[in-house]
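Undergrad: turn this into a structure:
(2 chains)
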Protein chains: 2
Amino acid sequence: MADQSAFAQRGSTEEIEEGRTLAPKFDADGLVTCVTTDAASGEVLMVAHMNAEALARTIESGDAWYYSRSRKRLWRKGEESGHIQRVVEMRIDCDQDAVWIKVAQAGPGACHTGRRSCFYRVVPVGAGQALTLEFRDGDKAFDPQAVYRRNGEPPGA
Amino acid sequence: MADQSAFAQRGSTEEIEEGRTLAPKFDADGLVTCVTTDAASGEVLMVAHMNAEALARTIESGDAWYYSRSRKRLWRKGEESGHIQRVVEMRIDCDQDAVWIKVAQAGPGACHTGRRSCFYRVVPVGAGQALTLEFRDGDKAFDPQAVYRRNGEPPGA
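TA: The predicted structure follows:
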C-alpha cells in the first residue's frame, strides 16, 4: 500500500468537514474515489481511483494520476494514449474520501473504448421500463486499437 | 449482501462495453460507485455507493437510493431531510462498475453539512503549493441540525 504519511492524519469530524487540512480517508485498499469531469463542458468523463501516491503526484504535477485496481499499479492518464488530463481544479468532499477533478482533456477522449466519456449509455429509469441500455454520445472519437498498443484489459479498470 | 440476480450476469468484455444489457460489476462489498450531479447546473453534488437493491430501487422508482457503508443499510436520499433526488437521467460507464445520475435536487442542498454540494473545498494543485484547502461555494444553504434529527455520523458516509 502506498505511503499515506504525505497527508495529515484524520482528526475530529469537525476538523475533517470544516477544516482547511487535507486528510483523505483512504479505504481498506488504500484508495479514494476520483470523479473526473471536463472543465469546459462539465461532462463526467470517468470515475477512477487514486492511492496516496497517485493523489500526491496529481497535486504536485497538475497531471491526473490514478491507481489501477486490476493492474495494481500507478498510472498516469495518457501515458500510453497521449490523452493526458491537466487538472484545472481539484475539490475534496465533506468526509474527504472522494475527490473531484475538473480537467482539460488532451486528445479526442478519455475512454479506452474510443469515446470522449466512459458514460456513453443511458439506463432507462422508471417503473416498468425495459432494462435495455441506450447509446448516447456514443460515437467513437478515436480508434482504440490504433491508440493503445496493449490489448485486452481496459487501462482504466 | 443484496441480491444481485435482478441484473444480468457479466458476459465478455465486448458484451459489457458495447452491449445493451445492464450487467453491473459489484465490488467485493457488493457495491458500485455513484456520481450524482445536478441536472440543471452540472455540478457534482456527491459521490456515494449503491448495492444491487439500491440500484434496482433507483431504476424502478426514479428516486435516488444509496447504500451507506458506515450504517450498513439502504438509504433513500432525503428520507430524513426531505431533500430527495429525482433522477433525470442515469448512465453507466464502460466496464459497468460506476453509474452517473443527473438529478433534480429537492430542497436547498445535498450535503449533510448544510451545503448544496459535498465538494465545497478546493485542493490547491501545482508544485510547491501549500496544502491548505480553500472554501469555495461553501456557504451553508440550510442548518443541518434543524434538518437532521440524528446527530453525529454523516448520512452519506
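Undergrad: buried set for stretch A:25-36?
TA: Applying a neighbour-count criterion of 16 or more other CB atoms under 10 Å in any protein chain shown, one finds A:26, A:30-36 buried in stretch A:25-36. Any C-beta I mention is one placed from the backbone N, CA and C, and that applies to glycine too.
Undergrad: for those, which one is nearest B:Arg71?
TA: Distance to B:Arg71 across these (CB to CB) is lowest for A:Thr33, with 18.4 Å.
Undergrad: name the element that closest one belongs to?
TA: Per DSSP states H and E, A:Thr33 falls inside strand A:32-38.
Undergrad: adjacent strands (with direction) for that strand?
TA: strand A:44-50 (antiparallel), strand A:98-105 (parallel) (DSSP bridges).
Undergrad: beta-bridge partners for A:Asp63, please?
TA: For A:Asp63, the beta-bridge partners are A:Arg86 (DSSP bridges).
Undergrad: that one and A:Arg76 touch, don't they?
TA: Yes: A:Asp63 lies in contact with A:Arg76 (CB atoms under 8 Å); the separation is 6.3 Å.
Undergrad: joint contacts of these two?
TA: A:57, A:84 (CB atoms under 8 Å, 6 or more residues apart in numbering or on different chains).
Undergrad: next, A:Ala52: phi, psi?
TA: Backbone torsions for A:Ala52, taken as degrees, to the nearest 10, come to phi -60, psi -40.
Undergrad: distance of it relative to A:Met46?
TA: Per CB to CB, to the nearest Å, A:Ala52 is found 20 Å from A:Met46.
Undergrad: with A:Ser81 instead?
TA: 13 Å.
Undergrad: ok, A:Leu131 touching B:Ala23?
TA: No: assessed by CB under 8 Å, A:Leu131 is found out of contact with B:Ala23, at 9.9 Å.
Undergrad: quickly list what's touching both of these two.
TA: By CB under 8 Å, 6+ apart, A:Leu131 and B:Ala23 have these common neighbours: B:Phe7.
Undergrad: low pLDDT regions in chain A?
TA: By pLDDT under 70, the weakly predicted segments of chain A are A:1, A:149-157.
Undergrad: most proximal residue of it with respect to chain B?
TA: Nearest residue of chain A to chain B (CB to the nearest CB) works out as A:Gly42 at 3.6 Å.
Undergrad: ok, for the residue positioned nearest the centre of chain A, nearest residue in space, not its chain neighbours?
TA: Against the mean C-alpha coordinate of chain A, by CA atoms, centre = their mean, the closest residue is A:Ala48 at 3.5 Å. Excluding its sequence neighbours, the residue lying closest to A:Ala48 (CB to CB, 6 or more residues apart in numbering or on different chains) is A:Tyr66, at 4.4 Å.
Undergrad: what are the pairing partners of the one helix or strand the one you found maps to, and which direction each?
TA: Per DSSP H and E: A:Tyr66 is located in strand A:65-68. Strand A:65-68 has the following strand partners under DSSP bridges: strand A:73-76 (antiparallel).
Undergrad: okay, buried residues for the strand it pairs with please.
TA: A:74-76.
Undergrad: with just CA atoms, put stretch A:66-85 into PDB.
TA: Output of stretch A:66-85 as PDB, limited to C-alpha atoms (Å, rounded to 0.1, in the frame of the first residue of the first chain):
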ATOM      1  CA  TYR A  66      -4.700   7.200 -11.000                       C
ATOM      2  CA  TYR A  67      -4.300   3.700  -9.400                       C
ATOM      3  CA  SER A  68      -5.400   0.800 -11.500                       C
ATOM      4  CA  ARG A  69      -7.100  -1.800  -9.300                       C
ATOM      5  CA  SER A  70      -6.900  -4.500 -11.900                       C
ATOM      6  CA  ARG A  71      -3.300  -3.800 -13.000                       C
ATOM      7  CA  LYS A  72      -2.300  -3.000  -9.400                       C
ATOM      8  CA  ARG A  73      -0.200  -0.100 -10.400                       C
ATOM      9  CA  LEU A  74       0.100   3.600 -10.600                       C
ATOM     10  CA  TRP A  75      -1.000   5.000 -13.900                       C
ATOM     11  CA  ARG A  76      -0.500   8.400 -15.400                       C
ATOM     12  CA  LYS A  77      -3.600   9.100 -17.600                       C
ATOM     13  CA  GLY A  78      -2.500   9.400 -21.200                       C
ATOM     14  CA  GLU A  79       0.900   7.600 -20.600                       C
ATOM     15  CA  GLU A  80       0.000   5.300 -23.400                       C
ATOM     16  CA  SER A  81      -2.600   7.100 -25.500                       C
ATOM     17  CA  GLY A  82      -1.200  10.600 -25.100                       C
ATOM     18  CA  HIS A  83      -4.600  11.700 -23.900                       C
ATOM     19  CA  ILE A  84      -3.400  13.300 -20.700                       C
ATOM     20  CA  GLN A  85      -5.500  15.300 -18.300                       C
END
